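Participant: would you be able to build a 3D model of this:
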Amino acid sequence: MIYKNEKQLLNIIKFTPPIFIITISIIITFLLSLDKQNELEKEKISIKNKYIKENKELIMNDVENLYDFILKTQAKTEERLKENIKNRVYEAQTIVMTIYNENKDKKSKDEIKTMIKDALVNIRFNEGRGYFFIYSFDYECILLPINRKLEGSSFYNFQDYKGKYLTRDIITQLKKEKEGFQNWYYAKPNDLTTDYKKIGFNIYFEPYDWFIGTGEYVIDYENTVKAEVLEYISRLVPNKENYFFVLDYNKKTLFHVIDDLINKPAHNVPNVENNHVFDEMLSIAKEGSSFLTYNYKPNDKLLTKTSYIKGLQNWGWIIGKGFYHDNINVIIKNNTNELNKKFHTKVLNIISIAIILTIILLIISIYISKLLEKKFTNYKKEIDNYIDKNTEQQHILSQQSKMAAMGEMLGNIAHQWRQPLSVITTVATGMKLQKEFDSLDDVTFEKSIDNITNSALYLSDTIEDFRNFFRTDKEETVFYIENVFEKVFKLTNAQFKNHEIIFIKNINDFKLFGFENEFIQALINILNNAKDALETIDNPRLIFISTYEENNKAIIKITDNAGGIDEEIIDKICEPYFTTKHQAKGTGIGLYMTEEIIVKHMNGTLVFKNVDIIYENQSYKGAEITIKLAFKQQEEATKL
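Facilitator: Numbers count the residues shown, from 1 in each chain. The predicted model follows:
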């Protein structure tokens, strides 16, 4: 006969593998497709990151190359300035020698001097800053175009801002070398508070013991160089998206692709989302160099831009160049079609492989299901046979356990009845003798009848208690542990008292759920085993009983001082028919049935171990049996 659960199990065997395989195939296909989708997205991100990285390297290289170019240009600034003023002085010398040679035999010395001064006084160069001066070796100023009132005065004591006697040094140099450069520091006409470096070149004019020279402020010539550099940068701009920009440390725009912004404050640059960007650029430039990402709207469309910023410290310049992140979208768009084609091809391949594998696995699964069904049917037959045999064996064990329990209980009944029966016999005999001697009065008669009645009632209660114990429980109930132990002591009290066994109780009451009589039988089995062990020792004979709650579990501990259990057999004492007692005293099924009741019927645990006990300052060894029952299950069952 096939039961409902067995049919369900057979259906599970038949249909679970195919359903499982199809489900797994769908999940794997979905996950692989998702994985490929993620790969596609990762590839797009990789393209973007690669674009950003390459463009960062590109703009960094461009800015660094421009920076190196400017440094090289700076290094040649003074060299170029010296060459410039030297050539100019040579030009002046040519003019002066020409006038002198053409007129030395025709005109007087003073006339020639006047002609020379008139020829040089109005000559200007280097964007109008440069002019020629003439001094005599007697320190007299012959020509000074920027302040002619000083002509004819002595410059013997003339000093620059650092205390250098310039005229003396020049004459000393020219007496030895005939020409040469000199450096000095002097204020500019438009800034009298600062001393600026100036480089001059002088040449000796022997006919009149003069020296002719010129000088140029390095900073002024530097500005010329800066203008040349900015002009060079303007030629490096291929379009309005790929360009350099230059600011100074005052955040003034020195160069930009938009001409109208040049020489204006940087915050006038339109469409920059946050003008604090220029403060960040200045901070980066002063520290060295770094990348800066910010938002920009070149065409009323918010774009993300990354620029490489580098500071040119000695000129106080901020050099930068950037690129727009959104250009990557064009590259991604160009590659998306190709990427999507690859993606769809891979997905189709995955689906095709998944379908083929699914079909193969389904065929294998159906075959295995049929095989399993056949195996299950044969196995079920074997299990049924085993269950039949096991049921019969369990029935025999149960009957033996009941018979053993009945034997114990009959002994208990005999002990319980002995005293009341003795009382009834004694009272009846006394009444008979008193009747024979005609000494039975009404008071004695009533008292004797009351004794007989009370003893008979006690016998009746005892019979009822034992009858309740042997009653088979039909359903699980809620009961209290304290009541259980009261019933146990009622049923066993006489025998334990006869063997002078003392109970030390520490019973905390709580509810349990299960078959109460079975649980009582289990406890009696444990106590009887303790009693049998205690019979072998001298007094005191002790049994400790404690109950309490711990970690949502009911704990029941029963401990004796009978010396404990041999460690070699402690793991075997619950096996059926295993006993250490004499054949006349034990069958070996009491603890086996106890374990069956606690573990299988009440879902608890039963643990045996040897312990050391201290009682009234005396130390003993004994066995401890611990029963643990879960409250949670009991509470849920109670609600049912």
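Participant: can you show me the strands along the stretch 201-350 of the chain?
Facilitator: 210-217, 244-248, 253-255, 289-296, 303-312, 317-324 (DSSP state E, counting those that start in this stretch).
Participant: low-confidence stretches in the stretch 401-550 of the chain?
Facilitator: Of all residues in the stretch 401-550 of the chain, those with pLDDT under 70 make up the ranges 401-423, 427, 447, 450-451, 454-474, 494.
Participant: strands along that one, start to end?
Facilitator: Listed in chain order, the strands of the stretch 401-550 of the chain (DSSP E, counting those that start in this stretch) span 477-480, 501-507, 511-514, 541-550.
Participant: just these: most buried one?
Facilitator: Comparing these by mean neighbour count (mean count of other C-beta atoms under 10 Å), strand 511-514 comes out on top with a mean of 20. Quick note: C-beta positions are derived from backbone N, CA and C, even for glycine.
Participant: direction included, what does that strand pair against?
Facilitator: Strand pairing for strand 511-514, using DSSP bridges, gives strand 477-480 (antiparallel).
Participant: now do the strands in the stretch 1-150 of the chain.
Facilitator: Under DSSP E, counting those that start in this stretch, the stretch 1-150 of the chain gives strands at 133-136, 141-143.
Participant: and the shortest one, what does it pack against?
Facilitator: Yep, that's strand 141-143 we're talking about. helix 109-121, strand 133-136 (3 or more C-beta pairs under 8 Å, 6 or more residues apart in numbering; DSSP states H and E).
Participant: CA atoms of the longest one as PDB?
Facilitator: Yep, that's helix 109-121 we're talking about. Extracted in PDB, the C-alpha atoms of helix 109-121 (Å, rounded to 0.1, in the frame of the first residue of the first chain):
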ATOM      1  CA  LYS A 109      86.400 119.500 -30.300                       C
ATOM      2  CA  ASP A 110      83.400 121.200 -28.700                       C
ATOM      3  CA  GLU A 111      81.500 121.200 -32.000                       C
ATOM      4  CA  ILE A 112      82.100 117.500 -32.500                       C
ATOM      5  CA  LYS A 113      81.000 116.700 -28.900                       C
ATOM      6  CA  THR A 114      77.800 118.600 -29.600                       C
ATOM      7  CA  MET A 115      77.200 116.700 -32.800                       C
ATOM      8  CA  ILE A 116      77.700 113.400 -31.000                       C
ATOM      9  CA  LYS A 117      75.300 114.300 -28.200                       C
ATOM     10  CA  ASP A 118      72.700 115.500 -30.700                       C
ATOM     11  CA  ALA A 119      73.100 112.300 -32.700                       C
ATOM     12  CA  LEU A 120      72.500 110.000 -29.600                       C
ATOM     13  CA  VAL A 121      70.100 112.000 -27.400                       C
END
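Participant: helices and strands around it, which ones?
Facilitator: helix 77-103, strand 133-136, strand 141-143.
Participant: right, and the helix or strand after the shortest one?
Facilitator: If I follow you right, that is strand 141-143. helix 166-177 (DSSP states H and E).
Participant: flag every buried residue along the helix or strand just after that following helix.
Facilitator: Downstream of helix 166-177, the first helix or strand assigned by DSSP H and E is strand 179-188. Buried residues in strand 179-188, counted by 16 or more other C-beta atoms under 10 Å: 179-186.
Participant: what angle do helix 166-177 and strand 179-188 make with each other?
Facilitator: 170 degrees (axes from the mean of the first three to the mean of the last three C-alpha atoms, to 10 degrees).
Participant: just checking, what packs against strand 179-188?
Facilitator: Counting contacts by 3+ C-beta pairs under 8 Å, 6+ apart, strand 179-188 packs against helix 77-103, helix 166-177, strand 191-205.
Participant: count the residues that sit near the residue nearest to Tyr294 when sequence neighbours are not counted.
Facilitator: Excluding the flanking residues, the one nearest Tyr294 by C-beta to C-beta, 6 or more residues apart in numbering is Val277, at 4.7 Å. When neighbours are defined as other C-beta atoms under 10 Å, Val277 has 20 of them.
Participant: how about the one 5 residues further on?
Facilitator: With neighbours defined by other C-beta under 10 Å, the count for Leu282 comes to 19.
Participant: dump the helices and strands packed on strand 179-188 into JSON lines; add distance to Phe245, mean neighbour count and mean pLDDT as well.
Facilitator: Shown next, in JSON lines, are the helices and strands packed on strand 179-188 (distance: least, C-beta to C-beta, whole Å; neighbours: other C-beta atoms under 10 Å; pLDDT from 0 to 100):
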{"stretch": "helix 77-103", "distance to Phe245": "23", "mean neighbour count": "16", "mean pLDDT": "93"}
{"stretch": "helix 166-177", "distance to Phe245": "42", "mean neighbour count": "16", "mean pLDDT": "93"}
{"stretch": "strand 191-205", "distance to Phe245": "28", "mean neighbour count": "17", "mean pLDDT": "90"}
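Participant: now render those as JSON lines, adding distance to Thr425.
Facilitator: Formatted as JSON lines, these follow (distance: least, C-beta to C-beta, whole Å):
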{"stretch": "helix 77-103", "distance to Thr425": "143"}
{"stretch": "helix 166-177", "distance to Thr425": "155"}
{"stretch": "strand 191-205", "distance to Thr425": "141"}
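Participant: do you know which of the ones you listed lies nearest Ile565?
Facilitator: With C-beta to C-beta as the criterion, Ile565 lies closest to helix 77-103 of the helices and strands packed on strand 179-188, at 105.5 Å.
Participant: and the closest one, what does it pack onto?
Facilitator: helix 109-121, strand 179-188, strand 191-205, strand 210-217, helix 218-234.
Participant: distance to Glu43 added to the ones you listed, as a markdown table?
Facilitator: A markdown table is the format used below for these (distance: least, C-beta to C-beta, whole Å):
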| stretch | distance to Glu43 |
| --- | --- |
| helix 109-121 | 74 |
| strand 179-188 | 62 |
| strand 191-205 | 59 |
| strand 210-217 | 59 |
| helix 218-234 | 38 |
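Participant: buried ones in stretch 304-316?
Facilitator: Counting neighbours by 16+ other C-beta under 10 Å, one finds that the buried residues in stretch 304-316 are 305-312, 315.
Participant: average pLDDT across that stretch?
Facilitator: Stretch 304-316 carries an average pLDDT of 89.
Participant: just the CA trace of it, in CSV.
Facilitator: Only the C-alpha atoms of stretch 304-316 are listed here, as CSV (Å, rounded to 0.1, in the frame of the first residue of the first chain):
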residue,chain,number,x,y,z
THR,A,304,33.0,68.3,-16.6
LYS,A,305,36.5,69.5,-17.3
THR,A,306,39.8,68.3,-15.9
SER,A,307,42.8,70.6,-16.1
TYR,A,308,46.5,70.2,-15.2
ILE,A,309,47.7,73.1,-13.2
LYS,A,310,51.4,74.0,-12.7
GLY,A,311,53.0,77.0,-11.0
LEU,A,312,55.8,79.1,-12.5
GLN,A,313,57.1,80.5,-9.2
ASN,A,314,59.6,83.1,-10.3
TRP,A,315,57.2,84.7,-12.7
GLY,A,316,54.1,84.1,-10.6
